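Asker: got a structure for you, letters missing:
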């Protein structure tokens, strides 16, 4: 059976170049799916990538709208 690798909030924060606390705030706000297991938030890397892609799309669209 293959091992599934999940990220902690701190590891996700390093990837996003932010803090673990900011990632935990995203989780509490419902912006990032995660599971609380063993006193740690665990995040599927695919979910982190999807949230990043959605934010990038939203920010790009907002930038285009403010320039027109």
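Answerer: Arrived safely, thanks for sending. Only a predicted model underlies this, so the values are computations on that prediction, with no experimental measurement involved.

Asker: which residue packs closest to the residue most central in space within the chain, ignoring adjacent ones?
Answerer: Centroid check for the chain by C-alpha atoms, centre = their mean gives residue 48 as the closest residue, at 3.9 Å. If the residues on either side of it in the chain are set aside, residue 48 comes closest to residue 12, at 5.4 Å by C-beta to C-beta, 6 or more residues apart in numbering. In this view, the C-beta of every residue, glycine as well, is placed from N, C-alpha and C.

Asker: the one you found - how many residues pack around it?
Answerer: Applying other C-beta atoms under 10 Å, we find 27 other residues in the vicinity of residue 12.

Asker: cool, the one 3 residues further on as well?
Answerer: Residues contacting residue 15 under the criterion other C-beta under 10 Å number 14.

Asker: roughly how far does residue 15 sit from residue 8?
Answerer: 11 Å (C-beta to C-beta, to the nearest Å).

Asker: contacting residues around stretch 11-24?
Answerer: Around stretch 11-24, the neighbours that count as contacts under C-beta atoms under 8 Å, 6 or more residues apart in numbering are 7, 8, 9, 10, 32, 41, 43, 48, 52.

Asker: next: stretch 44-59.
Answerer: Residues from elsewhere that reach stretch 44-59, judged by C-beta under 8 Å, 6+ apart: 5, 6, 7, 12, 15, 16, 26, 31, 32, 33, 34.

Asker: helix or strand: which one has the residue nearest to the centre of the chain?
Answerer: Residue 48 is located in helix 45-67, with elements delineated by DSSP states H and E.
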